[in-house]
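A.B. asks: After the sequence you'll find the predicted model.
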Amino acid sequence: MTALAGTVRHARYVIGENPVTGLAFALFVLIVFVALVGPYIVPIDPLASDTVEALKSPSLRHWFGTDQLGRDIFSRVVVATRLDFGIAVWSVVLVFVMGGLAGVAAGFFGGWIDRIVGRVADTIMAFPLFVLAMGIVAALGNTVTNIVIATAIVNFPLYARVARAEANVRREAGFVEAARLSGNGDVRILAFQILPNVFPILVVQMSLTMGYAILNAAGLSFIGLGVRPPDAEWGIMVAEGAAFMVSGEWWIAFFPGLALMVAVFCFNLLGDGLRDIVDPRRRT
Amino acid sequence: MTAVPALAVEDLSVEFRTRSGVVKALEHVSFAVGKGETLAIVGESGSGKSVTAYALMGILDPAGRITAGRAVLGGLDLISASASQLADVRGREIAMIFQNPRTALNPIRPVGRQIADVLMRHGNVPRVEAPARAVDLLRAVGITDPARRAKAYPFEMSGGMCQRVMIAIALAARPALLIADEPTTGLDVTTQAVIMDIIAELAGESGMATIFITHDLALAGQRADRVVVMHAGHVVENAATRALIARPSHPYTAELIAATPDSAASLDALASIPGSLPDLRRADLPPCRYSERCPRKVERCDAPLPRPALAEHFVACWNPL
Amino acid sequence: MTPLLDVAELSKRFPVAASGSTLKNLRRRFTRAADEQSQVHAVDDVSFTIAKGETVGLVGESGCGKSTLVRALTRLLDPTAGSIRFSTRDLSLVPARDFAKDRDRGRIQMVFQDAGESINPRFTAFDAIADPVRRLKHLSGLALVETVDKAARQCGLPTELLGRYPHQLSGGQRARVGIARAIAVEPELLVLDEPTAALDVSVQVVILKLLARLKTELGMSYLFVSHDLSVVRLLCDRVLVMYLGKIVEAGPARAVFDYPLHPYTRALVAAVPRLDGIGLAKLRLSGEPMSPIDPDPNVCRFYGRCPRGADICRTQMPPLRRAAEGREVACHFAAGGA
């Protein structure tokens, strides 16, 4: 039996045991699908305004209603998936590489590398993370790229610490000593013994922080940083709709907010499910 | 064997439901242990010796289910007892010590306080007297400078000392039965000897029955009055220690003795046991679970085994040595 | 004849995080007096030899420095002082971090205590055995496969199991993988660190016999580390008894276990459970071992637990002295084969 086939079999078991994980996986697939093809399948141009149709409540034509400019909210929510999901994916990939490598090196070598990585992580943690992200975007400029960078930076301590701890316990593991006896130097041990064992744990971390990354990106846009109108983005849409809540046009903020919640929920549940799949102790 | 046993286990059967099928972990396990007696349950991994202990304590894994059997302790059947009855009995009537004492102790509470807690809960000791009694107990298990050690946390103590604390906790309420699950595995031989001395001494003083679970036949041979040998969830032999070691009747017991390094004068003389444990998930398990590895298998071995009666020397074999 | 391994006056000390008052630590920092730093004396002035083809046992309780000594010998750790002469070369001169690429790396190999833990969970049995062959013998392709197959066969590991991961193997099979990995590069000295401690007796027997057979087939020397004296007695020619970083007794295995000279060895032997129930001597060690942090160099390490414990024991450290019949003992009251 190959490792992959075993993992697939195990994954099927975990999902079967826990329908919530199965639901999270299904949602994840849906989100990825919408992010990929969303802009091509929406019924109405998300940027086209139609003042006649402004502030209409949900109907058969406008499933999620329309906003103050008469834009179709359903189309906007669907199209925004690509942007929000993209920001989350890229920031998580960035922090995965940066934080993962720094943490693994810190945990494995110790000494000055460990001290530097530790200090950097502590410094970042000393700030309220959202405020720090705001500051970074404000300083670097109001672009999507900078939201990705800011989100990656505020997540750095989390990844670095998890990677450091996992690498540190494995540094003394029997198989690492055995690899030394087999003639492997530090770099090879790091690459072939430590990293492959820390990797799956970081993947779980990725899924868990993905939800946070989406919230962070939406939050930044909500307060006017990052993505700017008229681009469709869940955070901006909630911000725009917030003003209309009091006057009863609840759907403008509600549906993008719902999309945000479902996405965050999905990634967190997915993370829990992945943990069960990755953890070999749960296999029998 | 004494007339009224402290604990009589009859026909105990346990199953575990797993992804790949039902594991018949224990089948028709019977034995008895008398007051003041030390009974060793010996077996290799997978023999069911620990499952037996957990079943008796009512702390089986949720996947495990007791399908049949009785275990009578002082008139109460532990198997059919209610959760509240069991909770009352555990700690007061039966106590258990585990293989990893450090993980069984609360890491953030001084050991003296942990002993005092048990004394107040199960030993009817008033709050004001408990700390002093805890120190007395630490002294009884051979800890030097007990007053100072009572204030120590588990991580400040060696493995041997933690196990002594566990014994002190287990014996705090003067239980009628102590179950010791591999209490000295992982400890040094010199510490093992001291710990086993302490258990024997305290058991002797209070007339407590001891069930002592081990993989080490030599240790069982040295410390127990009776030995129960288990293989794949069956009791294969149950006899007084001297008789069992000197004249084993079950082929597996004989092989186990011959494989114990202490028994041989040279490496060549050491015997290895052919085959391995049968898969306990199989639907077609033979009546005798040793028969597929057994060099003495005869036709009758396919018939159901003799039931473990509480005989002086019980052998679950149709063709004993 | 020069021995295969000649360890002389080997010591390993670890600095410990300073305990005591913060003020003292501060002063230490300012004065930077290295000699004030507290140290754990894990291995203290240890000397012994292993001849070609010999099996030497190393026994002692947990914390006695066995593991540190073994890691210094296998060059996973740099000793603080002393020499490790292998054949004629002093390996202690090569820093541990460079030794992975040293030409002598393949000549000293090790079998680990927990075979499950010493195999990378993401390596198949084949990968695990092939790793040293690739790195140290620089083989690849068919030659690599053949070497791995041969090592597996020698260890009684069916080749169809080579594609499996550690968690798909039984304890005995994992132990065989660990041994095959160590012998695949044809070492001259094999260090066995409690190779059967985690195994059932029935499997233990098979592995011990396998080790004995491999030794003669491949002409290796063994350093067999164990806490199980009954096993050491069966497998070893000579035995070293360690207590708190020092060798307290050495000699032919049978002689040492049948007539121990050092009071610690006596207590150790008396504590071993015997099947026949005989010899349950009331010889128990009281108390705990003394602290290995900055021990007094003039006090016998066993003082305080020793039933004898005379005045001379706390004013003068007994050296390891020759006794009769090729035996050595470090006790003021035991020399001369008493």
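C.D. replies: Nice, thanks for sending it over. Just so we're clear, the structure is a prediction, and the values are computed from it rather than from any experiment.

A.B. asks: which bits of the stretch 1-150 of chain B sit near chain A?
C.D. replies: B:Thr18, B:Arg19, B:Ser20 (C-beta under 8 Å from any C-beta of the partner chain). From N, CA and C alone the C-beta is placed, and that goes for glycine too.

A.B. asks: I'd like the distance between the last one and B:Gly46.
C.D. replies: The span separating B:Ser20 from B:Gly46 equals 15 Å under the rule C-beta to C-beta, to the nearest Å.

A.B. asks: Of those two, give the one with the bigger neighbour count.
C.D. replies: Neighbours per residue, other C-beta atoms under 10 Å in any protein chain shown: of B:Ser20 and B:Gly46, the larger number sits with B:Gly46, 19 against 8.

A.B. asks: Do I have it right that the more buried one meets B:Leu277?
C.D. replies: Yes. With contact defined as C-beta atoms under 8 Å, B:Gly46 reaches B:Leu277; the gap is 5.0 Å.

A.B. asks: where do the contact lists of those two overlap?
C.D. replies: Common contacts of B:Gly46 and B:Leu277 (C-beta atoms under 8 Å, 6 or more residues apart in numbering or on different chains): B:Ala232.

A.B. asks: where in the stretch 51-200 of chain C is pLDDT low?
C.D. replies: For the stretch 51-200 of chain C, no stretch has pLDDT under 70.

A.B. asks: quick one, helices of it?
C.D. replies: C:66-73, C:96-99, C:125-137, C:141-154, C:171-183 (DSSP state H, counting those that start in this stretch).

A.B. asks: Ranking those helices by mean neighbour count, which comes first?
C.D. replies: Of all the helices of the stretch 51-200 of chain C, helix C:171-183 carries the top mean neighbour count, a mean of 26, counting by mean count of other C-beta atoms under 10 Å in any protein chain shown.

A.B. asks: do that helix and chain A meet?
C.D. replies: Yes. Using C-beta under 8 Å from any C-beta, helix C:171-183 comes into contact with chain A via C:Gly178, C:Arg181, C:Ala182.

A.B. asks: Output the contacting helices and strands for that helix.
C.D. replies: Packing partners of helix C:171-183 (3 or more C-beta pairs under 8 Å, 6 or more residues apart in numbering or on different chains; DSSP states H and E): helix A:174-181, strand C:108-111, helix C:125-137, helix C:141-154, helix C:201-218.

A.B. asks: let's see it at 7 Å
C.D. replies: Contacts defined by 3 or more C-beta pairs under 7 Å, 6 or more residues apart in numbering or on different chains; DSSP states H and E place helix C:171-183 against strand C:108-111, helix C:125-137, helix C:141-154, helix C:201-218.

A.B. asks: Centre-most residue in the chain?
C.D. replies: Reading this off chain A. When C-alpha atoms, centre = their mean is applied to chain A, the residue found nearest the centroid is A:Met210 (1.6 Å).

A.B. asks: my bad, the chain I had in mind was chain B
C.D. replies: With distances taken as C-alpha atoms, centre = their mean, the residue of chain B nearest its centroid is B:Ile213 (3.0 Å).

A.B. asks: Direction included, what does the helix or strand where that residue lies pair up with?
C.D. replies: Using DSSP states H and E, B:Ile213 falls within strand B:209-214. As defined by DSSP bridges, the strand partners of strand B:209-214 come to strand B:38-42 (parallel), strand B:177-181 (parallel).

A.B. asks: Give me the next element, helix or strand, following it.
C.D. replies: Following strand B:209-214 in sequence order, the next helix or strand is helix B:217-223 (DSSP H and E).

A.B. asks: residue ranges with poor pLDDT in chain B?
C.D. replies: Judged by pLDDT under 70, the stretches of chain B that qualify are B:1-3, B:308-310.

A.B. asks: Next up, the contacts around C:Glu9.
C.D. replies: Contacts for C:Glu9 (C-beta atoms under 7 Å, 6 or more residues apart in numbering or on different chains) come out as C:Asp45, C:Ser47, C:Ala81, C:Gly82.

A.B. asks: now these: which count as buried?
C.D. replies: For those, a neighbour count by 16 or more other C-beta atoms under 10 Å in any protein chain shown gives the buried set as C:Asp45, C:Gly82.

A.B. asks: The contacts of C:Glu9 in strands, which ones?
C.D. replies: Judged by DSSP state E, the subset of the contacts of C:Glu9 located in strands is C:Asp45, C:Ser47, C:Ala81, C:Gly82.

A.B. asks: and the residues you listed, which two are the farthest apart?
C.D. replies: Farthest apart among those by C-beta to C-beta are C:Ser47 and C:Ala81. That separation is 11.7 Å.

A.B. asks: can I get the contacts of C:Glu9 in CSV with distance to C:Cys64?
C.D. replies: Listed next are those as CSV, based on distance: C-beta to C-beta, whole Å:
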residue, distance to C:Cys64
C:Asp45, 14
C:Ser47, 16
C:Ala81, 19
C:Gly82, 17
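
A.B. asks: Check the contacts of C:Glu9 against B:Met208 and report the nearest one.
C.D. replies: Nearest member of these to B:Met208, counting by C-beta to C-beta, is C:Asp45, at 47.7 Å.

A.B. asks: Chain B: helices as residue ranges?
C.D. replies: The residue ranges that make up the helices of chain B, judged by DSSP state H, are B:49-57, B:83-89, B:101-104, B:111-122, B:130-140, B:146-149, B:159-171, B:189-206, B:217-223, B:241-246, B:251-259.

A.B. asks: So which bits of the second one are buried?
C.D. replies: Spelled out, that is helix B:83-89. Applying 16+ other C-beta under 10 Å to helix B:83-89 flags B:Leu86, B:Val89 as buried.

A.B. asks: before we move on, what about stretch A:182-196?
C.D. replies: Going by 16+ other C-beta under 10 Å, stretch A:182-196 has these buried residues: A:Ser182, A:Gly183, A:Asn184, A:Arg188, A:Ile189, A:Leu190, A:Phe192, A:Gln193, A:Ile194, A:Leu195.
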